[in-house]
Every structure is written in C-alpha cells, then in structure tokens.
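Enquirer: model the structure of this input:
(chains A and B)
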Amino acid sequence: MSAEQVPNNSGSGQQANQPFNQTNQFQQQGAGFGFGGMQQALPNATAVLVLGILSIVTCCCFYGAISLVLAIIALVLAKKDKVLYFANTGFYTESSYKNLNAGRVCAIIGLVFGILIVIALIVFVSVFGFEMLSDQEALKEWVEQMQNQQI
Amino acid sequence: MKGLLTVTAFILFTEGRGFIYWLEKHLWACPFKNLTGIDCPGCGLQRSFVALLKGDVLVSIKLYPPTLVLLALVLFTLMHLKFEFKSGALIIKALYICATAIIIINYIYKVYYQQLF
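Expert: Below you'll find the predicted structure:
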C-alpha cells in the first residue's frame, strides 16, 4: 500500500474524528478491526523484530547469505511500516513502533555483519587461493613459516 | 494415542539414546569451513549448544562464548513478544549489540591466537 492511500492526519488525537474512514481503510487491507480511537499494532513489527534477531543467529549459515537475506527482508518491511506509521501516527501503538525500531537496528547490524563475512570469505580466497585452502597441511605450514619469520 | 505414537517415533528416530545424542550426530557442517578450511565467526555454535544441553556450561563457554547471550536474546525476544515489557525493545537492542560484539571479539581472538584450524 502506498503512502497516498492513507488519510494524512498526523496529530495523535485526531483519529476519533473520522472513525468511518479508517474502518473502511483497514477492512480493505484485511489488517483487522480499526474502529474509532482504537490503536492497533503495526502489521509487520513482530516480523521485523524476529527477522532482525534471526539474522544474527544464522550469521554464518551458508557464507552469511541467509543472514543477508533475512536482514534485507526485515529492512524492506520496516521501511513500509515506517511510512504507514508516520502517515497516521495516532493509529498505531507506540510499543509496536518501538519493536519495529529495535528490529530495524538489529537488521542493520545483521546486514553489516553479513557483508563483513562475505568480504572475509573473498579476502581469504583471494589471499590463499582455492588450492591452498583445500590443502590443510600446506596452510598450517604457511602459518608456521609466518611465525618463524616473526621470531 | 497420539502422544504414544510420538514417543515411539521419537525413540526409533533417536536410536533409543535420547535427543542430545541424535543432535550430536546430526550437526550441520559449516560450508565456509568446508570451502576454506578456516573457521567462520559462527563455528562452534552447535557444539557449544549441545554442551549446554548436556549441562556443561563451562565447556559451552569455552567452545563458543556468544551462545549464552544469543540464547538469552532469543528467549527474551519471545517473552517480550508474549508479555510486552515496557522497555523490552531497548533491552533487545542492548543484548543484540552485546552478542555482536562478543562474536567479533571471539573471532579476532581466534585469528590472533591462530585457533582457526
């Protein structure tokens, strides 16, 4: 849903004036039961929070790719919900907005972490090369050589 | 009846030695480690979790220090989504940053002391 469809009243106490508008709006969305003065949670707040946290838990599954995907999905959802929240500030509960923000921060950190892992992988492969990396003993010898040089 | 079936299937599935034994034999291999032979920042998480299930907290911390924080983060998030604590979002953010910091410090330590293989 785009921002233009949302009735644009930014004051927090104003939603009681036009309950019918919003009832129709949210029945169309299938988002629940918005009747006058009743605040409801943002539709994607929980999902964003869960995805953001999963992005760090799965940080190293599959070269960090899963973490990256989860974080990007969370960020897209968070952006959508933020537009929704600011278009109609009083209509959504503040606690869900806080959850959304926490999820967004988590997703950003997860995204950065995933990118770091991918960069680390690329650096390892480019420094050592596939042949050396698949040969454990050569790698260990190399490390020992480096240690001897330092001493 | 349903419960009995579940228990039977479970015992067959785990060869009668319990869930932890089954879990120990079915850990996912790390693709990063398969490709490069070097530990990734998440290597040790599953071993450490199994150790935690067995009750060896010290072994778990030795294998992978962030496990406890990550577990606390996930459990707290579930609690928060269920009960909606007042400053839950803030605590989640703090725990998350803590977990990330511990993971990064752990990896830097591993690289520095060459425990990567």
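Enquirer: what residue in chain B comes nearest to chain A?
Expert: Residue nearest to chain A within chain B (Cβ to the nearest Cβ): B:Gly42, separated by 2.7 Å. C-beta coordinates here come from the backbone N, C-alpha and C atoms, glycine included.
Enquirer: for that residue, which non-adjacent residue is closest in space?
Expert: A:Cys60 (2.7 Å; Cβ to Cβ, 6 or more residues apart in numbering or on different chains).
Enquirer: where's the residue sitting nearest the centre point of chain A, which helix or strand?
Expert: Nearest residue to the geometric centre of chain A (Cα atoms, centre = their mean): A:Ala74, 2.8 Å. A:Ala74 belongs to helix A:65-87 when elements are defined using DSSP states H and E.
Enquirer: show residues contacting that helix.
Expert: A:1, A:3, A:6, A:8, A:10, A:42-45, A:47-48, A:51-52, A:54-56, A:58-61, A:92, A:97, A:100, A:103-104, A:106-108, A:110-111, A:113-115, A:117-118 (Cβ atoms under 8 Å, 6 or more residues apart in numbering or on different chains).
Enquirer: right, and the helix or strand after that helix?
Expert: From helix A:65-87, the next helix or strand downstream (DSSP H and E) is helix A:94-128.
Enquirer: list the helices and strands that next one packs on?
Expert: In terms of contacts (3 or more Cβ pairs under 8 Å, 6 or more residues apart in numbering or on different chains; DSSP states H and E), helix A:94-128 is packed against helix A:45-57, helix A:65-87, helix B:31-36, helix B:88-112.
Enquirer: list the contacts for B:Leu45?
Expert: B:Leu45 touches A:Cys60, B:Tyr64, B:Pro66, B:Thr67, B:Leu70, counting by Cβ under 8 Å, 6+ apart.
Enquirer: per-residue pLDDT, residue 80?
Expert: I went with chain A, as the question did not name one. For A:Lys80, the pLDDT comes out at 92.
Enquirer: meant chain B actually
Expert: 92.
Enquirer: does it touch B:Lys86 like I think?
Expert: No - taking contacts as Cβ atoms under 8 Å, B:His80 lies outside contact range of B:Lys86: 10.1 Å.
Enquirer: of these two, who's got more company?
Expert: Legend: neighbour count by other Cβ atoms under 10 Å in any protein chain shown for B:His80 and B:Lys86, higher for B:His80 (20 against 9).
Enquirer: and that one, what is it in contact with?
Expert: Taking Cβ under 8 Å, 6+ apart, we find B:His80 in contact with A:Asn99, B:Gly88, B:Ala89, B:Ile91, B:Ile92.
Enquirer: what do you get for B:Ser48?
Expert: Taking Cβ under 8 Å, 6+ apart, we find B:Ser48 in contact with B:Val59, B:Ser60, B:Ile61, B:Leu63, B:Tyr64, B:Thr67.
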